[in-house]
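Novice: Would you be able to build a 3D model of this:
(one chain, ligands or ions: 1)
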Amino acid sequence: MRSMMIGAAALLGLGLTAPALAAEGGVPHLEWSFSGAFGTYDRAALQRGFQVYKEVCSACHSMKYLSYRDLRDIGFSEAEVKAIAAQYEVATIDENGDPATRKAEPSDRFHSPFPNDEAARAANGGALPPDLSLMAKARHAGPDYIVALLSGYHEPPPGFVVAEGKSYNAVFAGNNIGMPKPISDDQVTYADGTKATLAQEAHDVATFLMWAAEPKLEERKRIGVKVMGFLGLLSIFTYLSYRRVRRKVQGH
Ligand code: HEC
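Specialist: The predicted structure is shown next:
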């Protein structure tokens with residue numbers, strides 16, 4: 001019985017504690033509100049992260065899998081979502097059949113900065129700024145990597161040749177990156193008054209990108225905890241009934 005209880009507790013404990021893993025390839029492991037079995041998104045960080053995306057990253061990166069109305073999920077009201085959408089224009093056809101533009105609606109996808117990849121490359125010295133909708137899942141240790149990438153612009157080590165039009169980045173593969181250093185201290189003025197250090201901005205935008213890539217994380221974790229609890233209880237009851245049956249069979 002005791003070993004069973006310990007087993008069940010160990011099973012439940014799995015995932016409850018995200019052990020601080022050693023830094024991997026120069027990407028330090030950070031603390032995130034959404035780590036562990038009870039992890040949730042920090043709504044304030046998500047809204048600040050959206051502000052960083054909107055004011056900085058969206059100049060080059062699309063997030064084409066998001067609609068403005070998805071922002072309700074991170075705590076914006078209907079009216080706020082409508083106001084955010086209305087800052088953008090989308091192509092449409094007017095009543096005469098001519099091309100026209102209209103204000104974006106909450107149901108529209110996020111505005112893309114470039115009409116296509118060719119235009120995006122042309123504006124970025126040949127490098128393509130990838131869509132960020134799923135980026136936090138597309139890279140190993142996504143949020144940690146994004147923070148390390150955004151904070152990884154340093155002086156190159158002696159002898160390292162930075163290619164024409166590129167910047168040195170400590171964690172980007174090959175270290176020559178086509179993205180100029182996008183954020184610095186006070187790059188944005190946070191609506192909630194939080195001090196906008198580079199580290200804060202990087203952490204917030206990485207949180208926002210994680211939410212974009214996995215909006216249902218909280219639900220998944222809630223279900224996971226319930227299932228683990230159920231399995232734990234089930235194993236206890238199974239063990240108890242096994243003991244009862246064994247006692248009967250053995251005639252004690
Ligand atoms: C001036 C345009 C520009 C801005 C602004 C910009 N980026 Fe980039 N970004 C790029 C380009 C170009 C690349 C592709 C780099 C390459 O392939 O060398 C890139 C690549 C990336 C990558 C992928 C790196 C990889 O491992 O492939 C991430 C993640 C990223 N940017 C995040 C951001 C975030 C977050 C912001 C806002 C804080 C931002 N970018 C702002 C142009 C930009």
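
Novice: what about the strands in the stretch 101-250 of the chain?
Specialist: Ranges of strands in the stretch 101-250 of the chain, per DSSP state E, counting those that start in this stretch, are 167-168, 176-177.

Novice: Could you export those as a markdown table, including distance to the ligand, mean neighbour count and mean pLDDT?
Specialist: Using the backbone N, CA and C atoms, a C-beta is placed for each residue, glycine as well. Shown next, in a markdown table, are these (distance: least, Cβ to the nearest ligand atom, whole Å; neighbours: other Cβ atoms under 10 Å; pLDDT from 0 to 100):
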| stretch | distance to the ligand | mean neighbour count | mean pLDDT |
| --- | --- | --- | --- |
| strand 167-168 | 9 | 18 | 96 |
| strand 176-177 | 5 | 20 | 96 |
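
Novice: Which stretch among those approaches Ser35 most closely?
Specialist: Closest approach to Ser35 among the strands of the stretch 101-250 of the chain is made by strand 176-177 (27.1 Å; Cβ to Cβ).

Novice: Beyond the worst-scoring helix or strand of the chain on mean pLDDT, next helix or strand please.
Specialist: Lowest by mean pLDDT, DSSP states H and E among the helices and strands of the chain is helix 2-13, with a mean of 52. For helix 2-13, the succeeding helix or strand toward the C-terminus, using DSSP states H and E, is helix 43-55.

Novice: Show me what that following helix is packed against.
Specialist: helix 198-213 (3 or more Cβ pairs under 8 Å, 6 or more residues apart in numbering; DSSP states H and E).

Novice: Take the strands of the stretch 101-250 of the chain and write them to TSV, including distance to Ser112.
Specialist: Listed next are the strands of the stretch 101-250 of the chain as TSV, based on distance: least, Cβ to Cβ, whole Å:
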stretch	distance to Ser112
strand 167-168	24
strand 176-177	21
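
Novice: Quick one, which of those strands gets closest to Pro143.
Specialist: So among the strands of the stretch 101-250 of the chain, strand 176-177 is nearest, using Cβ to Cβ, at 18.4 Å.

Novice: Report the strands that pair with that closest one, each with its relative direction.
Specialist: strand 167-168 (antiparallel) (DSSP bridges).

Novice: from the chain's centre, how far out does the strand it pairs with sit?
Specialist: With Cα atoms, centre = their mean, to the nearest Å as the basis, strand 167-168 stands 24 Å off its chain's centre.
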